[in-house]
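In: sequence isn't available, so here's the structure alone:
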C-alpha cells in the first residue's frame, strides 16, 4: 500500500517533497510557463496548513552535473513567493552539513527550496551516498513529481529508502487516479490519439491502449514509421490511420483535409479522449494546421472527458491557448507513456509499505 500525504502526521515535521519544477525557460532563464509550479501548490498549501516544515527539491533542465547560472532555482523561488504570498528561502546547494543543519532550525510553515538537484551528476546516477545526504534534510518523504516517476534517480528511488515515513502528494495521487480511470473505467466510446515521430517510444503504448480504447487514431509521421518498420498490432481493427497528407518536397508532413474530416467524425462520437503527440510536423506553422484542427474539434466537445499529455502536445496547446479547454493536462510525458503502456513506475515502488 502507498500512503497519501493526508495519511501522514506532518505537523511540526521536516517534510522533504520531490517536486517537478522543470519548467520551460527562455535563454535568460525566465519562466515561460509556470503550470507545473501551479499544479503542486495544493500540496504545499496543505503542508503549510498542517504546520509542517517544508523542504522542496527538484531538477531544472539538464545541466549534466555542472552549475549552470540560467538553471538555478532562483526564478522558481520568485514564482513560488508570488503564488504563495509568503517567504521561500533558497539554499545555495541541495546537500551539505550547513544545509542539513538549517533544516533543523525551520519553524512550522517555513519553506526551504533546495538548489537544482542535477547540478550533481550523482542525482541521475542514483548515487546512494548522494541519496543518503538528501534524505537527512527530512523526516517524511513525499513524492509529488509524476513527471520523473519513470526515472531511477536518487531523489526519486534512492531517498525514500532512507526515510521510514513516506507517501505521495496531492498532484501525484490525482495523476495516477486520472490515468487509472481512463484505463479501467472510461466513459465509452473511448478514443485515443497518438502522434509524434518516434515510433520506438510509442509502440508499447499503442499496443496496450488498443486493449482498452474503442478507437485509436495515429498521426501522419508515426504512421510512416510504423509502415517502414512493418509493425503489426493486435486489435488493429480499432486503428484509424491518415488517408491523405500535406506534402512538401516529396515528404508527407501533416494530415490532409480528408483525414481531418475522418478524425472529426471519430471525435464527435467519443465520450473519453486521450491525446499524446502532434499529428504533423508542428514546428513549422504550415504543417501544424491538421493538429490545430483536431485540437479545436476536441475542445468543442460537450459531455466528454478530455485528457492530454506529453511535452510537444502540451506546448502546442499552450501556445495556441487551447490547453485550458482540456479537462486534464498531465504533468508527465515519459511517465505517462510508461503508465499507459502497462509498465510499473520505478518511482512508486519504494513508497509501497
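Out: Here it is on my side, so go on. Just so you know, these numbers come straight off a predicted model, no measurement behind them. Numbering: from 1, shown residues only.
In: so who does the residue nearest to residue 312 when sequence neighbours are not counted touch?
Out: Excluding the flanking residues, the one nearest residue 312 by C-beta to C-beta, 6 or more residues apart in numbering is residue 278, at 5.6 Å. C-beta here means a position set from N, CA and C on the backbone, and glycine is covered the same way. Residue 278 sits next to 195, 196, 219, 288, 291, 312, 313, 316 when contact means C-beta atoms under 8 Å, 6 or more residues apart in numbering.
In: wait, which of those residues is closest to residue 168?
Out: Closest to residue 168 out of those is residue 313 (24.6 Å), distances taken as C-beta to C-beta.
In: does that closest one count as helix, strand or coil?
Out: Put simply, residue 313 is helix when judged by DSSP: H, G, I helix; E, B strand; the rest coil.
In: what sits against it?
Out: Here residue 313 is in contact with 195, 275, 276, 277, 278 (criterion: C-beta under 8 Å, 6+ apart).
In: any idea how far residue 329 is from it?
Out: To residue 329, residue 313 is 9 Å away according to C-beta to C-beta, to the nearest Å.
In: can you check residue 173 too?
Out: As for residue 173, its distance to residue 329 is 16 Å (criterion: C-beta to C-beta).
In: same check on residue 282?
Out: According to C-beta to C-beta, residue 282 and residue 329 sit 17 Å apart.
In: out of those two, which sits in the busier spot?
Out: A count of neighbours by other C-beta atoms under 10 Å puts residue 282 above the other of residue 282 and residue 329, at 25 against 18.
In: give me the domain ranges for this structure.
Out: 5-172, 186-340 (automatic domain parsing).
In: quick one: average confidence on the shortest one?
Out: Spelled out, that is domain 186-340. Domain 186-340 carries an average pLDDT of 94.
In: same check on stretch 105-112?
Out: Rounded mean pLDDT across stretch 105-112 is 98.
In: that older thread, just the ones in helices from the contacts of residue 278, please.
Out: Within the contacts of residue 278, residues falling in helices by DSSP state H are 291, 312, 313, 316.
In: select, from those residues, the two members most distant in space.
Out: Greatest spatial distance among the ones in helices among the contacts of residue 278 (C-beta to C-beta): 291 and 312, at 9.6 Å.
In: identify the contacts common to these two.
Out: Common contact partners of residue 291 and residue 312 (C-beta under 8 Å, 6+ apart): 278, 282.
In: settle it for me: which of these two has more neighbours?
Out: Neighbour totals were compared for residue 291 and residue 312, and residue 291 leads with 28 against 17 (other C-beta under 10 Å).
In: neighbours of the nearest residue to residue 352 once chain neighbours are set aside, how many?
Out: Nearest residue to residue 352, sequence neighbours excluded (C-beta to C-beta, 6+ apart): residue 2, at 5.7 Å. When neighbours are defined as other C-beta under 10 Å, residue 2 has 17 of them.
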